[in-house]
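J.: model the structure of this input:
(chains A and B, ligands or ions: 1)
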Amino acid sequence: MPFVPHTPADIAAMLGVIGVAAIDDLFDEIPAALRIGELAAIPTGMAEMDIARLMQVRARADGEPVCFIGAGAYDHHIPAVVWQIASRGEFYTAYTPYQAEASQGTLQLLYEFQSMMTALTALDVSNASLYDGASALAEAVLMAVRANRKAKSSRVLVPRALHPAYRRVLRGIVEPQGIEVVEAPFDRRGGHTPAATLDSLAGAEGFAAVVINQPNFFGVIEDADELTDAAHAQGALVIGVVNPIALALLKPPGEWGTAGADIACGEVQPLGIPLSSGGPYAGFLCCKKDLVRQMPGRIIGRTLDLDGKPGFTLTLQAREQHIRRGKATSNICTNQGLLATAATIHMAILGAEGLERVAAASHANTRQLTALLCKTAGVEPLFDRPCFHEQALHLPAPTADVLRSLAADTILGGFDLGLDYPELDPALLVCATELRTAEEMEHYAAKLAEIIASQTVPG
Amino acid sequence: MLIHEQSQPGRRATAQAPLQLADCADIPAAQRRTTRALLPEVSELQVVRHYTRLSQKNFSIDTHFYPLGSCTMKYNPRACHTLASLPGFLARHPEAPDHQGQGFLACLYELQEMLKEVTGMQAVSLAPSAGAQGEFAGVAMIRAYHQARGDTARTEILVPDAAHGTNPASAVMCGFVAREIPTGPDGDVNLEALRAAVGSQTAGIMLTNPSTVGVFDRNIQEIARIVHEAGGLLYYDGANLNAILSKVRPGDMGFDVIHMNLHKTFSTPHGGGGPGAGPVGVSQRLEPFLPVPLVARDGTAYRWLSEANRPQSIGRLTAFGGNMGILLRAYVYARMLGREGMKRVSEFSTLNANYLMARLREAGFEAAYPQRRASHEFIISIKQEAKAFHVNAMDFAKRLLDYGYHAPTTYFPSLVPECLLIEPTETETKEELDGFVAALVAIREEARTNPDLVTGAPHTMPVRRLDDVRAARQLDLAWRPDGAPA
Ligand SMILES: Cc1ncc(COP(=O)(O)O)c(C=O)c1O
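T.: Down below sits the predicted model:
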């Protein structure tokens, strides 16, 4: 009986205390017509050694190709310490810290997480994580629309140069509440979102919020200052969608423009979370102090105990579903605490300088990769503005074919931009983090040259 | 001490970052950060020691009995963690092609199939990240279903008063009005109130069965009939699936859409707050609306289905489609249990709960529904003790910590005064349950003879009771170097 400790003597004694003859009697309130015999389609149980064998075969089958894809999930170095500590049973098997006195470890750690995220974003407060970057953006938009009563608008502006999946998630979550999502086009030469489009799209109603993605999906660095000021001039709140690694290098949202962004959110994954086919990751959400009561999710506060000793507890719970039910700021309950735990340890180890080195190395590697790939005729940057650690490239051959040939050589060549941006097709978004070596990049460039040569019909 | 307070300028864990600070001169100065973020500057050993020590300030399943009702805090098998963390799984990029993820996709496909069988639903999507996101997806599917039929006047979702807070919150997030239905004195939904509440405005009802008061609603078939006849759909909150695994299935009870909490029934870890996974299952008529992605099998090959393949889908809930590593853990757990093990989950979680309830009643504690069988959890009310000794359920909860037991869920569901919702789970031994009874008896004796000891508890934790009012009024939510809290 895997994981059930009862001996026959235990069972007999327990049934005796309850006063029933058999365990099955305990289910006698379930209408007989509904009872089932067994779950016929479930296979019989496996011992650990057998499931281990199966999983090892399956994990090996997936290989470990060299990854040049970014597109919202990034292959960075993760110090061994991070998951050795995050996987300790005391963190791994604890629940949400409702009993504060017996959860000071998790609570203090999440307070440190909040402190680190506010330091990176230069905003006042942070929550203790949401599901992922895209759902965090949806929550940020809901929060901004609730907070910005002055605007009398339930329209939000998002750049088309925002991750396509983020835009889809956003629509799915906010449209049922009557919020309209409007998309701002990007500049075809620079790949950025021109501030002038804010005015041309505002219309009579204006926007409750304007989303700025820094860097944007193409890796291009936006004019965050100009965009922020233009949005604020219209009475919109500003939501920054940012990469936490990039924040070691780029101006933080709290310092954008004259007044700073009001809310910043994004994906925690680059901070010590493995790629793991897309999850579990975590979303973060930071904001200015005066918006804190509109925040969704858990927030940890430092307070004092009966003896005046500092301690940590969940706070502002009157925003949350377990107190406010239908009037809560969000329905979120379980969040991504363990991933926030890993990210906290990761940030503590790397420090601001370590993160800056990671950011700078990723930037430099992507520039080097771009130079190498662009030696092949017809491969060239799609946009002329500076990028962070991703680069959009025009290809002289169908992207899907190129990626397939590269994959056969265990190279994950990048993200096919033509799928979501048909006007750019054939195009590829590449990324080389600090983990990619010169040899790997040269190998990629050589393969690409070969593939293009074999695909391009001369003349 | 905070990690920030251990910081010394210039100290670094140099092994963990690139040796050089690469040149970024091409990034315009106006876009650059001018001062480094105030993150701690500490050594690797300092980090290890600090967070190891913090971990030791936690109660957890691995260290303590954790009978937190509605949360299913059972043993999280280590094999699930180890096997989901194999390098081939961890290194895979979400945008890697399907053919380079066949091993991973096979696990997810088989999990989808097993969850269909476990719940009696026609199709399953693994996409939701937790129970509440499953609820959002489920209610969004109910909305999409009515809309697709042009039935747009259905604006209400019915929710019993005993329901978890996420239920009404999810209904509202989907643009519905949440309307409360009272629970009867025996713990079942009040059928008269339900009949009076349904109508052409009813989009559906959200039900937890066994409910959050720890009993199986005996009228479930009648409830299904009432709601279906009014044109509404039935949503099943699967938080308590542990109680009925392999005994009765939501699909057979008449539910149209359900979510499961894999971090409860399928024993994936809670991680101090998350992550979870909240797959949704549906009957045939809701199948087109399932959230993407879904795993499909063509012959022996597996592939993701996304928006393009599923035009009526309510869409995507997270950028990359779900908490994949958690799904792998649930898969390993399900395979280890197998058919026989799943049956034992419900049997022994129910045995433990009924045994514990019987022992506590014997000891003179008041069960909220003494005439009913407990499901895998039950409620005792501290009402009598509160009146006699001026100690409340929270005092009992805090004092339990001193005895080395995590507290049960307190003050939920709110319809039972001074309640403790107790869920022992199947993985606890009889000795552990007996020890817990002895602790509650001892605390009641303390309450009688020395109430200050109980109302002042805990006494042995890293901190004593915390000032929640101060926490909410004098907000200190992030460390600041000047000591001025944000
Ligand atoms: C009855 C019930 N419903 C819903 C939920 C919400 O699930 P989650 O925390 O996974 O979002 C919970 C979890 O606490 C629950 O106990």
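J.: can you pull out the strands in the stretch 151-300 of chain B?
T.: Along the stretch 151-300 of chain B, the segments classed as strands by DSSP state E, counting those that start in this stretch run B:156-160, B:177-181, B:202-207, B:233-238, B:257-260, B:280-282, B:294-298.
J.: which residues of the stretch 151-300 of chain B lie near chain A?
T.: Within the stretch 151-300 of chain B, the positions near chain A by Cβ under 8 Å from any Cβ of the partner chain are B:164-166, B:168-175, B:178, B:215-216, B:218, B:220-221, B:244, B:246-249, B:252-253, B:261, B:263, B:267, B:269-276. (Glycine included, C-beta is placed from N, CA and C.)
J.: now a ChimeraX select for only the buried ones of those residues.
T.: Filtering these down to the buried ones (16 or more other Cβ atoms under 10 Å in any protein chain shown) takes a single ChimeraX command:
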select /B:164,165,166,168,169,170,171,172,173,174,175,178,215,216,220,244,246,247,248,249,252,253,261,263,267,269,270,271,272,273,274,275,276
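J.: one step back: may I see the strands of the stretch 151-300 of chain B organised as a markdown table, with mean pLDDT and distance to B:Gly131 added?
T.: As requested, the strands of the stretch 151-300 of chain B are exported to a markdown table (pLDDT from 0 to 100; distance: least, Cβ to Cβ, whole Å):
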| stretch | mean pLDDT | distance to B:Gly131 |
| --- | --- | --- |
| strand B:156-160 | 98 | 15 |
| strand B:177-181 | 97 | 16 |
| strand B:202-207 | 98 | 12 |
| strand B:233-238 | 98 | 7 |
| strand B:257-260 | 98 | 6 |
| strand B:280-282 | 98 | 10 |
| strand B:294-298 | 97 | 19 |
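J.: and the ones you listed: which comes nearest A:Ala73?
T.: strand B:294-298 (18.9 Å; Cβ to Cβ).
J.: so after that closest one, what's the next helix or strand?
T.: strand B:301-305 (DSSP states H and E).
J.: what are the structural domain limits within chain B?
T.: B:3-55, B:79-337, B:345-470 (automatic domain parsing).
J.: how close does B:Arg36 sit to A:Leu120?
T.: B:Arg36 is 10 Å from A:Leu120, where distance means Cβ to Cβ, to the nearest Å.
J.: okay, the two: which has more neighbours?
T.: A:Leu120 (30 against 14; other Cβ atoms under 10 Å in any protein chain shown).
J.: so what pLDDT did whichever residue of the stretch 1-150 of chain B sits closest to the ligand get?
T.: Of all residues in the stretch 1-150 of chain B, the one sitting closest to the ligand is B:Gly131 (2.3 Å; Cβ to the nearest ligand atom). Looking at B:Gly131, its pLDDT is 98.
J.: can you give me every residue that contacts it?
T.: Residues near B:Gly131 by Cβ atoms under 8 Å, 6 or more residues apart in numbering or on different chains: A:333-334, B:166, B:237-239, B:259, B:261, B:276, B:278.
J.: burial count for the residue nearest to B:Lys264 when sequence neighbours are not counted?
T.: Closest residue to B:Lys264 apart from its sequence neighbours, by Cβ to Cβ, 6 or more residues apart in numbering or on different chains: B:Thr72 at 3.5 Å. The local packing of B:Thr72 (other Cβ under 10 Å) involves 27 other residues.
J.: if I look at the residue of the stretch 1-150 of chain B closest to the ligand, how far off is B:Glu366?
T.: 30 Å.
J.: so B:Glu307 makes contact with A:Val169?
T.: No. B:Glu307 lies out of contact with A:Val169 (Cβ atoms under 8 Å); the separation is 11.0 Å.
J.: give me the common contacts of the two.
T.: Joint contacts of B:Glu307 and A:Val169 (Cβ under 8 Å, 6+ apart) are B:315-316.
J.: neighbour count for those two, which is higher?
T.: A:Val169 (25 against 15).
J.: from what I can see that one touches B:Ala319, true?
T.: Yes. Applying Cβ under 8 Å as the test, A:Val169 and B:Ala319 come out as touching, 6.2 Å apart.
J.: got any residues that touch both of these two?
T.: Common neighbours of A:Val169 and B:Ala319 (Cβ under 8 Å, 6+ apart) are A:Ala134.
J.: make sure the residue nearest to B:Lys264 is actually in contact with B:Thr265.
T.: Yes. Between B:Thr72 and B:Thr265 a contact is recorded at 6.3 Å, counting by Cβ under 8 Å.
J.: list residues touching both of these two?
T.: Joint contacts of B:Thr72 and B:Thr265 (Cβ under 8 Å, 6+ apart) are B:Asn242.
J.: now do the shared contacts for B:Arg36 and A:Leu120.
T.: With Cβ under 8 Å, 6+ apart, B:Arg36 and A:Leu120 have common neighbours A:Ala248.
J.: longest single helix anywhere in the chain?
T.: No chain was given, so I picked chain A. helix A:337-373 (DSSP state H).
J.: nope, chain B please
T.: Assigned via DSSP H, chain B shows its longest helix as helix B:324-362.
J.: show me which positions of stretch B:376-393 end up buried.
T.: B:376-383, B:385-386, B:389, B:391-393.
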